[in-house]
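Visitor: below is the structure, and that's it, no one-letter string:
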């Protein structure tokens with residue numbers, strides 16, 4: 001039996017992680033940024049332009065969320081998707097799940113929003129929208 005930490009480690013071995021600069025560039029390019037934390041966590045503060053779709057719903061939200069669906073490219077499998085959570089575990093699991101669904105350009109923010117804030121980047125607390 002695997003522990004949750006081992007499961008995250010296993011997911012991180014098959015996904016791509018990004019750093020803060022990568023995410024800033026993705027935001028500048030209007031890439032799809034998804035916060036996979038729970039709605040109450042999201043409303044406490046989130047990264048600019050992020051859409052909330054909790055980890056437990058990501059496989060469904062990726063296809064029918066009213067803000068995710070329009071952000072998909074003509075070929076959804078090639079849409080760059082940047083995920084984050086509190087520390088990087090849930091977003092790694094979500095990235096692995098989206099890869100299994102056939103998405104090719106999925107990235108998980110290394111260290112999550114905690115590392116983002118520790119690096120001095122701001123978070124938003126208004127205009128939130130969650131699934």
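Guide: That came in fine, so what should we check first? Keep in mind the model is a prediction, meaning the values are calculated, not measured. Numbers count the residues shown, from 1 in each chain.
Visitor: my guess is residue 98 contacts residue 62, does it?
Guide: Yes: using C-beta atoms under 8 Å, residue 98 is in contact with residue 62, at 6.4 Å. Placement of C-beta: from N, CA and C, glycine included.
Visitor: which neighbours do these two share?
Guide: residue 81 (C-beta atoms under 8 Å, 6 or more residues apart in numbering).
Visitor: the protein: helices as residue ranges?
Guide: 4-12, 20-28, 39-43, 58-64, 89-100, 112-118 (DSSP state H).
Visitor: distance of residue 88 from residue 81?
Guide: Per C-beta to C-beta, to the nearest Å, residue 88 is found 15 Å from residue 81.
Visitor: which one's more surrounded, these two?
Guide: Set residue 88 next to residue 81 and count neighbours by other C-beta atoms under 10 Å: residue 81 wins out with 25 against 22.
Visitor: for the protein, give me the ranges with low pLDDT.
Guide: The model of the chain has pLDDT under 70 over residues 127-131.
Visitor: mind checking which residue lies nearest the centre of it?
Guide: The residue lying closest to the centre of the chain (C-alpha atoms, centre = their mean) is residue 83, at 1.3 Å.
Visitor: ok, now which ones touch that residue?
Guide: Here residue 83 is in contact with 33, 34, 35, 36, 91, 94, 95, 98, 106, 107, 108, 109 (C-beta under 8 Å, 6+ apart).
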